[in-house]
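Engineer: Give me a model of this one.
(one chain, ligands or ions: 1)
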Amino acid sequence: MPLDARVYVAGHRGLVGSAIVRRLERAGYTTILTAGRDQLDLRDQSEVSHWFKANRPEYVFLVAGTVGGVWANSTRPAEFIYDNLMIHGTVVHAAYQYDTAKLLYLGSSCIYPRLAHQPMAEDALLTGPLEPTNEAYAIAKIAGIKLCQAYRQQYGCDFVSAMPTNLYGPNDNFDLASSHLLPALIRKFHEAKVAGRREVEVWGTGSPMRELMHVDDLADACLHLMLHYSEPQHINVGTGHDLTIREIADAVRRIVHPDARLVFDTSKPDGTPRKVVDITRLRSTGWEPTIALDDGIRSTYQWFVDQQQAHAELRGMPATSLA
Ligand code: GFB
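Structural biologist: Numbering: from 1, shown residues only. Coordinates of the predicted model:
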C-alpha cells in the first residue's frame, strides 16, 4: 500500500475508524478518504456504488457499523442486524465493482459460539449456538466474513477479515444505555467521584470474563494485516488475556475513584460467560499488542475528562467542577 494510495476508512468517526485514521496519518499516508453519515448512507447500495465510482478507493478499511454493549445489543436486535448486514454488503460489493485492490473487514469476537473452547481459535466459527444477547449482531458479522470469502472465491478479490476482541479508547461511546463495559465504568466512577458518592453500580454478577484491547493497538494491527495478511481465513486480533468484570471494574476504581465500592446489579445481563481469543495466528504474522490495560484505562480516562471539560467550557461552566 504505497503512501500516496487512495485509502478509504469507512466509519472514520467511530472508535475504530478514528484510530485507523490516526495510525495512517502517523505512517505518512497522504490520501485518506472519508465520508460522514450526512454525505453517504452506507446501507444504500446505489449511494455507496456511486461514491466508489467517483472516489475510486484502492484500499478499504471496512470498520463502519451499528455497535453497542450488551444492553443495546439485546434491546435493539433489528437495528444491529439490518444496519450491519446492509453496510457489509454495499461496501464489499462496491469494492468489487470498482476494483479496490484490497479490503480489510472488521468483525467481532462475538461471532464464536457462546460456549466455545477458550481461548477461541478461528476454527471455532459455526461450531455451536451463539450468545442470545448479541445473536443478531453476530449473524451480521459472520455474514461479513462469508461475503469477503465469497468475493475472494468467485471474483478473486483480495478481501480479508479480522475479528477483534472487546475494544476501548478515545472516541468511544460513553452513553450508559448503549456503551460497552469500559466506557460505562469510566463514566460511572467519574460521576460518582464528582458527586461525592462512594457506591458505583456494576451490571451483572461480576463473574463473566472479558478481554480488552486498546483501540490504538487494534489500529496498528489493522495496518499490519492490510500490509501483510492475505488469506481467506479470518484472523483474531486481541491480547490473549482476560479478567473478570469484577477485576476490570476494580482496575477502573483504582485509577478513577479509589474510595469507591462496587455494587452489583444482577437484574442486568451477564452476557457471554467468557470470550478470550486465541492469537496464535496473529502472532505468527509477526504482530504483538503493546498497550497495558492500566495505561490504556489511564489515558482513556484522561481523554474523557478533557472532553467533559471542553464541553463544560463551551457551556460556560467552570471546568474545575468536573475534576
Ligand atoms: O462491553 P459489553 O457491554 O459487551 O460488556 P459484551 C458486558 C459485560 O460487562 C456484561 C458487564 O457481563 C455486563 O454485565 N457490565 C458491568 C457492563 N457493568 C456494565 C455497564 O455499566 N455497561 C455495560 N455495557 N456492561 C458485546 C456484544 O458484548 O461486545 C457485541 O454485545 C460486541 O456483540 C461487543 O461483540 C464487542 O462483551 O457482553
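Engineer: Show me the strands in the protein, by range?
Structural biologist: Here the chain has its strands, by DSSP state E, at 6-10, 31-33, 59-62, 102-106, 159-164, 166-168, 199-203, 209-210, 212-214, 235-237, 243-244, 261-265.
Engineer: Ok, which of those strands comes nearest L126?
Structural biologist: L126 lies closest to strand 159-164 among the strands of the chain, at 13.0 Å (Cβ to Cβ). Any C-beta I mention is one placed from the backbone N, CA and C, and that applies to glycine too.
Engineer: Quick one: work out the angle between that closest one and strand 102-106.
Structural biologist: 30 degrees (axes from the mean of the first three to the mean of the last three Cα atoms, to 10 degrees).
Engineer: Contacts for strand 159-164 next, please.
Structural biologist: 16, 92, 95, 102-109, 111, 122, 141, 144-145, 147-149, 151-152, 213, 218, 221-222, 225, 229-231, 234-238, 277 (Cβ atoms under 8 Å, 6 or more residues apart in numbering).
Engineer: filter the residues you listed down to the ones close to the ligand.
Structural biologist: Among those, the ones lying near the ligand by Cβ under 6 Å from any ligand atom are S108.
Engineer: Mark which of the contacts of strand 159-164 are buried, thanks.
Structural biologist: 16, 92, 95, 102-109, 111, 122, 141, 144-145, 147-149, 151-152, 213, 218, 221-222, 225, 229, 234-238, 277 (16 or more other Cβ atoms under 10 Å).
Engineer: Put together CSV for the strands of the chain, with mean pLDDT and distance to A177 on each row.
Structural biologist: Shown next, in CSV, are those (pLDDT from 0 to 100; distance: least, Cβ to Cβ, whole Å):
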stretch, mean pLDDT, distance to A177
strand 6-10, 98, 25
strand 31-33, 98, 32
strand 59-62, 98, 26
strand 102-106, 98, 24
strand 159-164, 98, 23
strand 166-168, 98, 17
strand 199-203, 98, 11
strand 209-210, 98, 19
strand 212-214, 98, 20
strand 235-237, 98, 27
strand 243-244, 98, 23
strand 261-265, 98, 14
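Engineer: and among the ones you listed, the most buried is which?
Structural biologist: strand 59-62 (a mean of 27; mean count of other Cβ atoms under 10 Å).
Engineer: tell me how far that one is from the chain's mean position?
Structural biologist: Distance, stretch centre to chain centre, for strand 59-62: 15 Å (Cα atoms, centre = their mean, to the nearest Å).
Engineer: Show me what that strand is packed against.
Structural biologist: strand 6-10, helix 77-97, strand 102-106, helix 215-228 (3 or more Cβ pairs under 8 Å, 6 or more residues apart in numbering; DSSP states H and E).
Engineer: For it, output the C-alpha coordinates as CSV.
Structural biologist: Below are the C-alpha coordinates for strand 59-62, written out as CSV (Å, rounded to 0.1, in the frame of the first residue of the first chain):
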residue,chain,number,x,y,z
TYR,A,59,-7.6,0.2,-0.2
VAL,A,60,-10.6,0.0,2.1
PHE,A,61,-10.8,-0.4,5.9
LEU,A,62,-14.4,-1.5,6.4
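Engineer: For that strand, which outside residues touch it?
Structural biologist: By Cβ under 8 Å, 6+ apart, strand 59-62 touches 1, 5-11, 17, 20, 87-88, 91-92, 95, 100-106, 144, 222, 226.
Engineer: Kindly recompute the last result at 7 Å.
Structural biologist: With contact meaning Cβ atoms under 7 Å, 6 or more residues apart in numbering, strand 59-62 is reached by 1, 5, 7-10, 20, 91, 95, 100-106, 222, 226.
Engineer: what does stretch 250-269 give?
Structural biologist: Outside stretch 250-269, the residues touching it (Cβ under 7 Å, 6+ apart) are 70, 74, 133, 185-186, 189-190, 192-193, 198-206, 246, 249, 293-294, 297-298, 301.
Engineer: buried subset of those residues?
Structural biologist: Here, 16+ other Cβ under 10 Å leaves 70, 74, 133, 185-186, 189-190, 192-193, 200, 202-204, 206, 246, 249, 293, 297, 301 buried among these.
Engineer: filter those down to the ones near the ligand?
Structural biologist: Restricting those to those touching the ligand (Cβ under 6 Å from any ligand atom) yields 70, 133, 202-204.
Engineer: re earlier: mind putting the helices and strands packed on strand 59-62 into TSV with distance to P289?
Structural biologist: Shown next, in TSV, are these (distance: least, Cβ to Cβ, whole Å):
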stretch	distance to P289
strand 6-10	21
helix 77-97	25
strand 102-106	16
helix 215-228	4
